[in-house]
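**Student:** A predicted structure for the sequence below; I have some questions about it.
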Amino acid sequence: MIETTLWHPVADSASLADAPLPVRLLAHDVVLWRDHFGQAHAWADRCPHRGTKLSLGRVLHTDEGSRIECPYHGWQFAAEGACQLIPALPDFKPPASHTACTHEAHEAHGLIWVRLQTSRSLPPAFDAEQDARLRKLLCGPYEVNTSAPRIVESFLDLAHFGFVHEGVLGDRAHTQLAAYRIDPTAHGFIANDCQAWQPQSNRLAAEGGLVDYRYELTGPYTAQLTKLPQAQDGYQDVIGLFVCPIEPERSRVWFRVALTDFDSSDDDLRQFQDTIFMQDRPVLESQSPKLLPLSGGEVHSAADRSSAAYRRFLNERGITFGVC
């Protein structure tokens, strides 16, 4: 399936230290580990000898380089996956068939990204990453019992603010949405001319007001928005959504935020983001089916332009994981 050729976030960079780290991606078990240079590696979490999870083993740093050791019989595998040592037969030179299954790993936006099959795709961009004027912070992860597409669709939706986020991002007295525009891009689309009235558009906002939004779909399971409150000249938030599709109906979520707020503590900023997403999560987990229907089964309105564009995008790209 095409999803295996895409890059997916699987763990915070900070969570991978000296020990192997097990993760799950697209219903596959993966082990992450770092070599002595600090480079992250991603392999199938299975020893080719007897199928034991390599994540139960340990990382060794030798004069010949770094290795991961299987916990069952101590087989040692070098960074490229080749078996270097079978302790029960120390003079035996393992053949190429004794090689672990390796995947590609890449670090960006404070996350470790993995793709299960090689392709020409690149990890999704986060436009504000290189902007030195903005403060960057990673929020999450959040575990959610629903499909990755359900989460992305909710992120792109403005019409739920006055109900799910009443008193913070929305108000029941200001739920009407102005028409907005969908412009296709090479990686998805941009929703322009979006506006929402918000009682508290960000953690520092002291009063409500209209907020200009710009949404961008950057991949099947990633998106970002830029918020420009009209009453606060020069203020902006850029929030990137990165979803790991663990199982068809189970996902892990991170937000990468880039802010002009340099006064609030990291804990305060993360708590604000936690509050918003904890309001979303029970609604997301209540949706039935948990897989996102791409044709039939749900009705729509003109306020669902971004949702309709997202479902068309998934159909056109041949995405099958997390949809029905």
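**Tutor:** Yep, that arrived.

**Student:** Okay, and residue 153 sits in which element?
**Tutor:** helix 148-155 (DSSP states H and E).

**Student:** now the closest residue to residue 313 other than its chain neighbours: how far from residue 116?
**Tutor:** Nearest non-adjacent residue to residue 313, counting by CB to CB, 6 or more residues apart in numbering: residue 188, 5.8 Å away. Quick note: C-beta positions are derived from backbone N, CA and C, even for glycine. Using CB to CB, to the nearest Å, residue 188 is found at 21 Å from residue 116.

**Student:** Next: residue 124.
**Tutor:** Residue 124 is 16 Å from residue 116, by CB to CB.

**Student:** more neighbours, the two?
**Tutor:** Taking other CB atoms under 10 Å, residue 124 and residue 116 do not tie; residue 124 has more neighbours (26 against 21).

**Student:** Going by contacts, tell me the helices and strands next to the host helix or strand of residue 139.
**Tutor:** Per DSSP H and E, residue 139 falls inside strand 135-144. Other helices and strands packing on strand 135-144, by 3 or more CB pairs under 8 Å, 6 or more residues apart in numbering; DSSP states H and E, are strand 250-259, helix 266-286.

**Student:** for these, which one sits closest to residue 194?
**Tutor:** helix 266-286 (17.1 Å; CB to CB).

**Student:** So for that closest one, what gets flagged as buried?
**Tutor:** Within helix 266-286, the residues that count as buried by 16 or more other CB atoms under 10 Å are 269, 270, 272, 273, 277, 279, 280, 281, 284.

**Student:** Over to stretch 68-77?
**Tutor:** Within stretch 68-77, the residues that count as buried by 16+ other CB under 10 Å are 68, 69, 70, 75, 76, 77.

**Student:** do you know how far the last one is from residue 49?
**Tutor:** Residue 77 sits 10 Å away from residue 49, going by CB to CB.

**Student:** for the residue of the chain most remote from its centre, helix, strand, or coil?
**Tutor:** For the chain, the residue at maximal distance from the C-alpha centroid (CA atoms, centre = their mean) is residue 91, at 44.6 Å. Classification of residue 91 using DSSP: H, G, I helix; E, B strand; the rest coil returns coil.

**Student:** With adjacent residues omitted, what lies nearest to residue 175?
**Tutor:** Nearest non-adjacent residue to residue 175, counting by CB to CB, 6+ apart: residue 162, 4.0 Å away.

**Student:** Show me how far the helix or strand containing that neighbour is from its chain's centre.
**Tutor:** Assigned by DSSP H and E, residue 162 belongs to helix 161-164. On the basis of CA atoms, centre = their mean, to the nearest Å, helix 161-164 sits 24 Å off its chain's mean C-alpha point.

**Student:** With stretch 309-319 instead?
**Tutor:** Counting by CA atoms, centre = their mean, stretch 309-319 is centred 18 Å from the centre of its parent chain.

**Student:** Now do the buried residues in that stretch.
**Tutor:** Across stretch 309-319, burial judged by 16+ other CB under 10 Å covers 309, 310, 311, 313, 314, 319.

**Student:** Hmm, the first one is touching residue 182, no?
**Tutor:** Yes: A contact is recorded between residue 309 and residue 182 when judged using CB atoms under 8 Å, the distance being 4.7 Å.

**Student:** Can you dump the C-alpha atoms of the strand holding residue 139 in CSV for me?
**Tutor:** In CSV, the C-alpha atoms belonging to strand 135-144 read as follows (Å, rounded to 0.1, in the frame of the first residue of the first chain):
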residue,chain,number,x,y,z
ARG,A,135,9.6,29.8,19.6
LYS,A,136,9.3,26.1,18.8
LEU,A,137,7.8,23.5,21.1
LEU,A,138,6.6,20.0,20.7
CYS,A,139,3.3,19.0,22.4
GLY,A,140,2.1,15.4,23.0
PRO,A,141,2.0,12.6,22.3
TYR,A,142,-1.7,12.0,22.6
GLU,A,143,-3.0,8.5,22.2
VAL,A,144,-6.3,8.3,20.4
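
**Student:** now stretch 314-324: mean pLDDT?
**Tutor:** For stretch 314-324, mean pLDDT is 97.

**Student:** How far does it stretch from one end to the other?
**Tutor:** End-to-end distance of stretch 314-324 (CA to CA, to the nearest Å): 11 Å.
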